[in-house]
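In: coords below, sequence missing:
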């Protein structure tokens with residue numbers, strides 16, 4: 001039995017997607033998983049790298065999410081160097097910021113290289129590390145208020161639509 005901090009549930013597991021709208025139609029319209037949050041960044045919050053992307057979250061009944069990254073280039077995920085290492089990861093939720101800090105200390109004490117904590121636009125604070133298989137893992141503590149979460153839900157479709165329109169404009173100008 002381990003004395004590691006309690007990991008309560010899956011927060012999200014993320015994959016790369018070819019197209020945000022195609023993915024939204026499948027997961028929201030077909031499977032009934034609501035689009036509950038969209039983050040659009042020009043830079044990767046955890047590394048500072050410039051890499052425009054749209055990150056979509058589809059919520060399952062237990063509150064956990066399946067998430068996807070649209071990098072705007074129409075590529076699908078393959079075991080290939082075309083996918084930045086920060087894109088594919090498994091995120092697991094912990095209870096509090098204190099638990100997140102305790103996890104970080106425990107991991108670093110064990111010799112695991114840990115990045116973070118990183119504040120993601122007031123949504124979550126996260127730490128990042130790799131398992132022995134090279135899978136990027138994230139432990140995360142949610143910090144957003146219910147009011148903020150409600151605002152994210154209310155604006156998600158508009159952000160997705162704007163991303164789709166901008167992507168189409170870029171493609172037509174080539």
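Out: Good, I have the coordinates. Just so you know, these numbers come straight off a predicted model, no measurement behind them. Numbers count the residues shown, from 1 in each chain.
In: residues contacting residue 170?
Out: Going by CB atoms under 8 Å, 6 or more residues apart in numbering, residue 170 touches residue 72. Glycine gets a C-beta too; all of them are placed from N, C-alpha and C.
In: just residue 87 next, same as before
Out: 14, 15, 16, 53, 69, 71, 77.
In: if we go to 7 Å?
Out: By CB atoms under 7 Å, 6 or more residues apart in numbering, the residues touching residue 87 are 14, 16, 69.
In: which other helices and strands contact the host helix or strand of the last one?
Out: Right, residue 69. If you go by DSSP states H and E, residue 69 is part of strand 65-70. Secondary-structure packing of strand 65-70 (3 or more CB pairs under 7 Å, 6 or more residues apart in numbering; DSSP states H and E): strand 7-17, strand 50-59.
In: Give me whichever of those strands is most buried.
Out: strand 50-59 (a mean of 20; mean count of other CB atoms under 10 Å).
In: Partner strands of it and their direction?
Out: Sheet pairing here is set by DSSP bridges, and for strand 50-59 it gives strand 35-43 (antiparallel), strand 65-70 (antiparallel).
In: And the strands in this structure?
Out: For the chain, the strands defined by DSSP state E occupy 7-17, 35-43, 50-59, 65-70, 89-94, 115-120, 124-130, 136-142.
In: re the thing from before, the strand holding residue 69 vs strand 89-94, what angle?
Out: 140 degrees (axes from the mean of the first three to the mean of the last three CA atoms, to 10 degrees).
In: Name the surrounding residues that touch strand 65-70.
Out: 11-17, 19-20, 23, 27, 33, 53-60, 87, 163.
In: again, but for stretch 153-163
Out: Identification of contacts with stretch 153-163 by CB under 7 Å, 6+ apart yields 20, 21, 24, 35, 36, 37, 38, 40, 54, 56, 70.
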